[in-house]
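A.B. asks: 3D model of this:
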Amino acid sequence: MSTSPTHARARATVRSAFACAPAVNVHVLDLDDSYVPVRDEQVVTPDDLGIAAHEHHVRSVLLDPAGQVRWMQPAILRHALESGPTAIAVGAGVVLLRDPAELADLAAEHQVALLSRAVETLPTDDRWPGPSDLLDAGSYAPGLIAVSRRATAFLSLWERLAADPSTSGDRWLDLAASTLPHLAVHSPGLLVSAWTCPASRIGTDAAGALSVDGTAAVAVDLTVLDPQAPWLLDPRSPRPPRVLLSEHPGLALLAAEHANELREDPVAIAQTDVTPMTSLGAAVHPQLRAVFRAALSESQDSCLEALPDPVDPNRSAEFAAWLVQPTPGGRDGGLGRYLASVYRSRPDLLAAYPGVPGEHVGPFLEWADLHGRHEPTYSTALIDLTLAAIRPEGATPRPHPRRGPARSGVNVVGYLRAELGVGESARLMVTALAAGGIPHATASVDAHLQSRQGARYAAAEVGAPFDTTLLCVNADMTPTIAASVPSLLTTSYRIGMWYWEVEDFPLSQHEGFRHVDEVWVATDFVRRAVEPHSPVPVRTITPPLPQPRAAPDRTRADLGLPDRPYFLFTFDYLSTAERKNPWGLVDAFEAAFRPGQGPLLVIKSINAAQRPDQAERLRLRVAGSTDVLLLEDYLSAEDRDALVALCTCYVSLHRSEGLGLTMAEAMAWGKPVIATGYSGNLQFMTEQNSFLVPWRPTAIGAGAEPYPADGIWADPDLDVAAQLMRQVIAEPDEAAARGARAVADLVALHSPQAAARHITARLAETSAQRRARSRLTLASQLRKTAQAARRTFR
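C.D. replies: Presented below is the predicted three-dimensional model:
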């Protein structure tokens, strides 16, 4: 089965079939005219199989892409059975290593041969997959299904179950198997996958072929392997994966070779994935599927003929009219099918506009025009189509006014108990307020955290709030966190202390502006990104940076490190590993020193379990190296301090930073720091106190969310970085001098007292501005009162 998103995988599967069974008959069902033959396989279309265009088009909206494949597989199997007694359905992306004839023989004997998804009981722990995941996914693997000509009842039931939009995943196989003859095959070597590996010994034989428990493997399920990031067998795992490619070198090599094959396929390079489109120019998307599914369930006998053709350009007017028609019974107040579906699917909209149908139809349409049409979840074209056909009524509700300010001081709201950089920044701001004698109170909010201390939601509001609230959370979380401390925000001037790490501040971050009166940023780099988009003032207020302290009472041996000089880098996987660029650091280090030449590279990370794909990528990159150490275990604060204090040099070849606290921490210990000469770290790093690496601009690209793919960040010069690493080792006196200058600069320019002076000055400015506005408001109110009184006594 081939679709536009899977045609490269389908071609790879066909190549593997011809490689292990040259005489085999291969049939490919091309769902959307995107498949290009590999050799002499037979390519058929839905029309060739007698599937009517209207049914094909409607089901392309009713079913998600995986559901469409499931529904059409019986048709291609029947077609294949016309030329042979058995047929095997092979998932696009399954790599065949040997002829699967044994599976076909089992189907000939038992009508249907199904592979058990898991071959032994999975452990009950926090890793994926586990027993509950098996219950959700189903007992049988869909990657290889063998049938014979006698399996007519099985194919009919398969088709009927797959046609039902409520059928999700592969549980239909369990239902079919419970009622019809089949053979359940328990053999981990027939289809190696993330489900079978935990119970098996994966290795290679003398010829280098993949083996399972000493027997040659038949196939490997790589249907969801990401060719751009082939570090995980299944990147969809919602929890830390049970199977790590870094622990199975033979399987890792096969995955890397398959990923390379997908990337270099000339057809895959020439073609791009095509999003299915309707005749109205709107992409097929989940909300449109919901509209069609609701209409199908409401139609008599769930008849497909009751639904319009969403793809045929000759039927587009009929499709458009159907979308804007009121739903049966008029329950939606005339919103039309599409907007009514949006409304019913959103609890927040149901709560905000309960009078639909009725008084809130107009306000809801206002929301659709101002906000809904811009949300990526929905189709702008279909919302515009509906709005053009409806005349709004009613008025938009007025927002509640905020109350006046309280006593002078600052309420600090932030992740004060978190191990995150933004949490440390909040604590540093509290330090500055204390150093400046500024009255303050704290409210710790622990929502949405991944921390050793646990993730829980709490907001300890102060009893008597001050007149200014400093929200030390980033723009995207500002609306959520603001909602947790409503009494502070209705009685105070609201300042957002925001961090951002790239040059452009995208629309996805702008909602935070609605909840603040002013924005503070830690560096001029962040200010230049935020200010052009901001309707409120943006000021650079750098928090106090780490200051020198007494050396920790630890040795390298206490930390389990050899007595060798080491370069250090620390990062959080949740801060986007692509931005932190540990792979570039490894490349530069290996270019600087021959194996075993002397220094080590130590990379300390946290939250690897939350980003298993990126963690596996780094593990695989350094596999076999004796000079690169990855530290992923939790360290106490004392041990972490010692790790930095005992390093020879700290290195950050980041692509971009909002501030760069880890570099400042190393500088406070007097350590020389090598870093990319770009972004927020230049607020405190200079050519005199650091070793700055030149860079060139490069596109961010896909896979670095939340940063915009079309944005720009730095590509550090790894050759120069390697040269600087060698210089630090060869010229220790110069390295020490840079470290000493760094300490002096931090003390002089970035102490709590220095930060407090900037904060005090800015608070004084805002206080004067607020008093001036308050006087104007009072004068205006007095004028209005006087005018009203004169009218009364005329």
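
A.B. asks: In terms of pLDDT, where does the most centrally placed residue in the chain sit?
C.D. replies: In the chain, the C-alpha nearest the mean C-alpha coordinate belongs to Glu705, at 5.9 Å (Cα atoms, centre = their mean). Listed pLDDT for Glu705 reads 87.

A.B. asks: you'd agree Trp29 is in a strand?
C.D. replies: Wrong residue type there; residue 29 is Leu, not Trp. Yes: residue state for Leu29 (DSSP: H, G, I helix; E, B strand; the rest coil) corresponds to a strand.

A.B. asks: Stretch 93-105 spans what distance, first to last residue?
C.D. replies: 23 Å (Cα to Cα, to the nearest Å).

A.B. asks: and what of stretch 531-546?
C.D. replies: 27 Å.

A.B. asks: now what about that stretch, what contacts it?
C.D. replies: The contact list for stretch 531-546 (Cβ atoms under 8 Å, 6 or more residues apart in numbering) reads 425, 428-429, 431-432, 435, 497, 505, 510, 513, 516-524, 526-527, 530, 659, 661, 664-665, 667-668, 683-684, 746, 750-752, 754-756, 758-759, 762. Every C-beta, even on glycine, is put in place using the N, C-alpha and C of the backbone.

A.B. asks: In contact with the residue nearest to the centre of the chain, which residues?
C.D. replies: Listed by Cβ under 8 Å, 6+ apart, the contact partners of Glu705 are Thr576.

A.B. asks: Now do the phi/psi pair for it.
C.D. replies: Main-chain torsions, Glu705, degrees, to the nearest 10: phi -60, psi 140.

A.B. asks: what separates it from Ala577, distance-wise?
C.D. replies: From Glu705 across to Ala577, the span is 12 Å (Cβ to Cβ, to the nearest Å).

A.B. asks: Next: Ala475.
C.D. replies: 22 Å.

A.B. asks: same thing with Leu288?
C.D. replies: 35 Å.

A.B. asks: What of Ser679?
C.D. replies: According to Cβ to Cβ, Ser679 and Ala577 sit 16 Å apart.

A.B. asks: who has more neighbours, the two?
C.D. replies: Legend: neighbour count by other Cβ atoms under 10 Å for Ser679 and Ala577, higher for Ser679 (26 against 22).

A.B. asks: Quick check, the more buried one in contact with Ser656.
C.D. replies: Yes: at 4.5 Å, Ser679 counts as touching Ser656 under the criterion of Cβ atoms under 8 Å.

A.B. asks: which residues are common contacts for the two?
C.D. replies: 501, 713-714.

A.B. asks: Let's see which of these end up in strands.
C.D. replies: Using DSSP state E, the members of the shared contacts of Ser679 and Ser656 that fall in strands are 713-714.

A.B. asks: Rebuild the shared contacts of Ser679 and Ser656 as a markdown table, extending it with pLDDT, distance to Met725 and neighbour count.
C.D. replies: Shown next, in a markdown table, are the shared contacts of Ser679 and Ser656 (pLDDT from 0 to 100; distance: Cβ to Cβ, whole Å; neighbours: other Cβ atoms under 10 Å):
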| residue | pLDDT | distance to Met725 | neighbour count |
| --- | --- | --- | --- |
| Glu501 | 95 | 24 | 25 |
| Trp713 | 98 | 22 | 25 |
| Ala714 | 98 | 18 | 24 |
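
A.B. asks: With respect to Ser2, which of the shared contacts of Ser679 and Ser656 is nearest?
C.D. replies: Nearest to Ser2, judged by Cβ to Cβ, of the shared contacts of Ser679 and Ser656 is Trp713 at 36.3 Å.

A.B. asks: quick one: the closest one and Asp719, what's the gap?
C.D. replies: 19 Å.

A.B. asks: what does Arg149 give?
C.D. replies: Per Cβ to Cβ, Arg149 is found 64 Å from Asp719.

A.B. asks: now do Val412
C.D. replies: As defined by Cβ to Cβ, Val412 lies at a distance of 44 Å from Asp719.

A.B. asks: what about these two, which has more around it?
C.D. replies: Val412 (23 against 14).

A.B. asks: Three-state assignment for that one, please.
C.D. replies: strand.

A.B. asks: Surely it touches Thr442?
C.D. replies: Yes: contact criterion Cβ under 8 Å: Val412 and Thr442 qualify, at 4.9 Å.

A.B. asks: Name the residues contacting each of these two.
C.D. replies: Common contact partners of Val412 and Thr442 (Cβ under 8 Å, 6+ apart): Val430.

A.B. asks: Mind telling me what element Ala177 is part of?
C.D. replies: Element membership of Ala177, judged by DSSP states H and E, is helix 171-179.

A.B. asks: And for Ala141?
C.D. replies: If you go by DSSP H and E, Ala141 is part of strand 140-148.

A.B. asks: Next, the angle helix 171-179 makes with that strand.
C.D. replies: With axes from the mean of the first three to the mean of the last three Cα atoms, to 10 degrees applied, the angle from strand 140-148 to helix 171-179 works out at 50 degrees.

A.B. asks: any low-confidence regions in the stretch 151-300 of the chain?
C.D. replies: 268-275, 300 (pLDDT under 70).

A.B. asks: list the contacts for Ala17?
C.D. replies: 24, 26, 90, 96.

A.B. asks: Mind checking which of the residues you listed are buried?
C.D. replies: By neighbour count, with 16 or more other Cβ atoms under 10 Å, the contacts of Ala17 hold 24, 26, 90, 96 as buried.

A.B. asks: Surely the first one touches Phe18?
C.D. replies: Yes: checked against Cβ under 8 Å, the pair Val24 and Phe18 is within contact range at 7.1 Å.

A.B. asks: I'd like to know how many residues surround Ser83.
C.D. replies: Neighbour count for Ser83, taken as other Cβ under 10 Å: 10.

A.B. asks: surely it meets Val26?
C.D. replies: No: with contacts counted by Cβ under 8 Å, Ser83 stays clear of Val26, the gap being 10.8 Å.

A.B. asks: Mind picking out the helix or strand in this structure with the poorest mean pLDDT?
C.D. replies: In the chain, the helix or strand scored least confidently by mean pLDDT, DSSP states H and E is helix 266-270, which has a mean of 63.

A.B. asks: and Pro599, what are its phi and psi?
C.D. replies: Here Pro599 shows phi and psi, under degrees, to the nearest 10, equal to phi -70, psi 160.

A.B. asks: where does it sit relative to Val410, distance-wise?
C.D. replies: 45 Å.

A.B. asks: now swap in Val58 and tell me
C.D. replies: With Cβ to Cβ as the criterion, Val58 and Val410 are 60 Å apart.

A.B. asks: Same check on Ser193?
C.D. replies: Taking Cβ to Cβ, one finds Ser193 at 55 Å from Val410.
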